[in-house]
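> Coordinates for the following, if possible.
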Amino acid sequence: AALTVRFLTRRFIGEYGDMEFIYSHNLTVDGREILLHIWDVPNSQEQAEDGSSEEKRIQWADSFVLVYSICDRASFNILPLKIQFIKAAKEGQSQEKVPIVIVGNKRDLHHQRVVSSEEGRLLALSLDCGFYEVSAAE
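As a prediction, this is how the structure comes out:
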């Protein structure tokens, strides 16, 4: 949520609860106005739900940004399974590749890092995804 709010408002708010939000935002890309809808779901909520709720979100979306904390190995370790689930649900219906980006957050907390940048890059490469490391705080 902190990364989404930072993207939409340019402000950083550090603490969020485990609530799900849908944000709408107009964005200009290459001179074209685009209406962006972001369905922000905390990982802890996804783990508590059944597969049908997650499947509904996957069918709703056109692309995916999966965020993990570089300070939390568990948030990184669940990514391959989530990406395989997304690809099976989306690419099984069509031949088009689904856009997925993996984002390592909390780059500013390098002293607490447990997932290296190289691990993130290699995972993204092996799963044919984009990769970035960012800091919502910065």
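
> can you give me the strands for the protein?
21-29, 32-40, 64-69, 100-105, 130-133 (DSSP state E).

> a markdown table for the ones you listed, including mean pLDDT and mean neighbour count?
Backbone N, C-alpha and C define where each C-beta goes, glycine included. Rendered in a markdown table, the data for those read as follows (pLDDT from 0 to 100; neighbours: other Cβ atoms under 10 Å):
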| stretch | mean pLDDT | mean neighbour count |
| --- | --- | --- |
| strand 21-29 | 81 | 11 |
| strand 32-40 | 83 | 11 |
| strand 64-69 | 91 | 20 |
| strand 100-105 | 94 | 20 |
| strand 130-133 | 97 | 15 |
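
> The ones you listed: which one's closest to L122?
When the strands of the chain are compared by Cβ to Cβ, strand 130-133 sits nearest L122, at 9.1 Å.

> for the closest one, the distance to its chain's centre please.
Strand 130-133 has its average C-alpha position 10 Å from the chain's average C-alpha position, going by Cα atoms, centre = their mean, to the nearest Å.

> which outside residues touch that strand?
When contacts are taken as Cβ atoms under 8 Å, 6 or more residues apart in numbering, the neighbours of strand 130-133 outside the stretch itself are 70, 99-105, 107, 117, 120-121, 123-125.

> what ranges do the helices span in the chain?
Read by DSSP state H, the chain holds these helices, from start to end of the chain: 2-9, 43-48, 51-60, 73-77, 79-91, 117-126.

> helices and strands of the protein: which one bottoms out on pLDDT?
Within the chain, judged by mean pLDDT, DSSP states H and E, the helix or strand with the poorest mean is helix 43-48; its value is a mean of 51.
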